[in-house]
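Enquirer: heads up, no residue letters with this:
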DNA sequence: TTGAAAGCGCTAACAT
DNA sequence: ATGTTAGCGCTTTCAA
């Protein structure tokens, strides 16, 4: 039984948040906020303005909450005069609708989740920008989660999004993800998913990728045509389809030009900066050193170049390099890097477009689509002797 | 009066979201989801699993909602056996607590808002990573907003965060922000704010910045000591305190070494890539061309270097360049860039630490702090003849 | 230790 | 055109 520390009554007390770990109460009658002291001493009154609600507007104008609600939603059955009064009062009180309450009653959170492995490396932040543009235009908020390349964190991310009652999700998996039960929960609840870049093959969802196979093929073919004969590949983690596709593109290009495929020249890379260095070092210390490297992504391309420079290996004369991604650094680093360009912004926009389409159509009213965006070979200094 | 299309009764019908723009209903008795067809034809049944609620768990176990709620919160007054049964059932039903409902009743959203002008350029994404790390550890979700350097969008961002009932905000203003009423709303509602990097002077909130003045001073001093005598400055927008501080540092360094301050050598830059180019061009086309440039940030530093290269001006022999920020590109571009390093990750972590401290302490229980982080001069090729 | 009931801020069916 | 009422999923008092 809580009594107001001012008027001493008991019936108008509500809880109102937690302050310094202690329950704060509010007396509706005297509009006083207070907590109770730990042991002795006087109670600490805490004055704090609460965000106004439609109820406040209604009281102020002596009308009902529903009328206020209708006025605010520009409902048709509302008197122009009443509406204006409500809108004015809302502005005057600095009213902001409580999205939590709205979502709860509408069973619609207006929120979309995005899960990416990281966002340091140009690709994911850029993609998110594209996706957010589209979402914002459609009136959706976005919750961005970083799985930090950890499958465990990814599961936690999924739980957060589930609890936030997102209406759809856009995902690029971690390099460790091999189990998909967490994603299946979305499926069960008919929450549409769009995978991009690092897609989940076993799940029948929409996907947005670039043409990894063709990009890799073009990159390696370009090296071959420029006279490189011992072409190595720094390859990606085995659980990611894009690793396989790029590897396949590499292999098929070699096959097409009847060049041997040397297993020693294919080296798996775990996507960390430090490991990229090691992979490059390992390749360049081989007895029969490759004269070119096709790299899985921008990060390892940069590292390969740096390692080559450190070892005094001239690029492109003694070592041709082709990367994948075309991040801004590729153009500025010396020598500038030949690379496979992918439309990152567009990828984000397309993924979000598809997701919103699915959300709008609703369960059972859409079929998953697989969009493959085009890549482009950008020739720079690192691959032309 | 809505009737179930299957059992024809009327009392067990609830709304259940919107499908294809049409209201979907659910009959609780037959657990059938349906919508009504537009004109004629049969109704379209839509089967869709709803997320389970504590009610589902309660029904399943033949206990009350309150008991379930208590069990799930590890409340003390609960039978061990009951708790386990509830937890098992929760897992079995794949229950995820509805954060919207929870937040509504607790008046605590567990959400923090971040507003940044953009996130293409290394600085902001990196900072957000730091901030998110801390927030995640403290159990807070984060809503990230991009104001896109537009004051109008920034106001919209604030409204979104207000409606999402965030418990605190971290902000870096746009280059246009000159009016602060939107931020004052947070103040009125006692929602703590922490500004970083681009702070809002008139507001008495916590701030995290780097030592812009000192950084600039050191950078310019370094140029002077390396024999540069006609040092220009590409300066920032006037509404940002950091622009003034860096400019002041530049001016004071010149003064200290009794060098003239030439107004033609101070050129305002609006933070866009294309304008950075123009500023550099303008400086380098001056009759009395400067022999060094101290640049406001990484973006314009890069552009200055590129323009110099295009014009055939040798860096550092004919033009010394010092930047501010030390993004990864600075080290890789040729010649590598001397720059003022700022601890970006840490800045994010510190800002979030302070914010969470404020949130935890509660209104009136904390005083705003101003934290200034140290910068460091990183000497590379672009400034040493 | 448990259940019943009220209420968080909002929308919408229904009554007026 | 407006008010009344119920309910979204949850927590918390109060009563048992």
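Expert: Noted; the coordinates are in hand. These figures come from a predicted structure and were not determined experimentally.
Enquirer: how far does stretch A:377-385 sit from its chain's centre?
Expert: 31 Å (CA atoms, centre = their mean, to the nearest Å).
Enquirer: so does that stretch get close to chain B?
Expert: No - Stretch A:377-385 is not in contact with chain B by CB under 8 Å from any CB of the partner chain; minimum separation 11.0 Å. Backbone N, C-alpha and C define where each C-beta goes, glycine included.
Enquirer: flag every buried residue along that stretch.
Expert: Buried residues in stretch A:377-385, defined by neighbour count with 16 or more other CB atoms under 10 Å in any protein chain shown: A:377-378, A:380, A:382-383.
Enquirer: okay, how far is it across it, tip to tip?
Expert: 17 Å (CA to CA, to the nearest Å).
Enquirer: and that stretch, average pLDDT?
Expert: Averaging pLDDT along stretch A:377-385 yields 97.
Enquirer: swap in stretch A:141-155?
Expert: In this model, stretch A:141-155 has a mean pLDDT of 95.
Enquirer: kindly report the same for stretch A:294-304.
Expert: On average, stretch A:294-304 scores 97.
Enquirer: tell me if it is near chain B.
Expert: Yes - Stretch A:294-304 comes into contact with chain B (CB under 8 Å from any CB), by way of residue A:302.
Enquirer: show me where the stretch 51-200 of chain A has its helices.
Expert: Ranges of helices in the stretch 51-200 of chain A, per DSSP state H, counting those that start in this stretch, are A:54-61, A:65-72, A:80-93, A:99-106, A:123-137, A:151-163, A:181-188.
Enquirer: now do the stretch 251-385 of chain A
Expert: Under the criterion DSSP H, counting those that start in this stretch, the stretch 251-385 of chain A carries helices at the ranges A:273-284, A:298-310, A:328-332, A:344-361.
Enquirer: turn those into CSV, including distance to residue A:132 and mean neighbour count.
Expert: As requested, the helices of the stretch 251-385 of chain A are exported to CSV (distance: least, CB to CB, whole Å; neighbours: other CB atoms under 10 Å in any protein chain shown):
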stretch, distance to residue A:132, mean neighbour count
helix A:273-284, 27, 18
helix A:298-310, 22, 22
helix A:328-332, 20, 19
helix A:344-361, 8, 22
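Enquirer: could I get those as TSV with distance to residue B:49?
Expert: Shown next, in TSV, are these (distance: least, CB to CB, whole Å):
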stretch	distance to residue B:49
helix A:273-284	42
helix A:298-310	41
helix A:328-332	45
helix A:344-361	16
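Enquirer: out of those helices, which is closest to residue B:263?
Expert: Closest of these to residue B:263 is helix A:328-332, at 31.6 Å (criterion: CB to CB).
Enquirer: restricted to strands, list the buried residues of stretch A:377-385.
Expert: Using DSSP state E, A:377-378 are the members of those that sit in strands.
Enquirer: nearest to residue A:137 among the buried residues of stretch A:377-385?
Expert: residue A:378 (29.8 Å).
Enquirer: tell me the bridge partners for the closest one.
Expert: residue A:339 (DSSP bridges).
Enquirer: how near is it to residue A:303?
Expert: Computed as CB to CB, to the nearest Å, the residue A:378 to residue A:303 distance reads 19 Å.
Enquirer: try residue A:129
Expert: 26 Å.
Enquirer: same question, residue A:258
Expert: Relative to residue A:303, residue A:258 is positioned 31 Å away (CB to CB).
Enquirer: need the pLDDT of the residue of the stretch 101-250 of chain A found nearest DNA strand D.
Expert: Of all residues in the stretch 101-250 of chain A, residue A:105 sits closest to DNA strand D, at 3.2 Å by CB to the nearest atom of the strand. pLDDT recorded at residue A:105 is 95.
Enquirer: residues near it, how many?
Expert: The tally of other residues near residue A:105 (other CB atoms under 10 Å in any protein chain shown) stands at 10.
Enquirer: could you measure it against residue B:108, distance?
Expert: 19 Å.
Enquirer: please apply the same query to residue A:99.
Expert: 14 Å.
Enquirer: which of those two has more neighbours?
Expert: Comparing residue A:99 with residue B:108 by other CB under 10 Å, the one with more neighbours is residue A:99, at 22 against 15.
Enquirer: I am finished for the moment; much appreciated.
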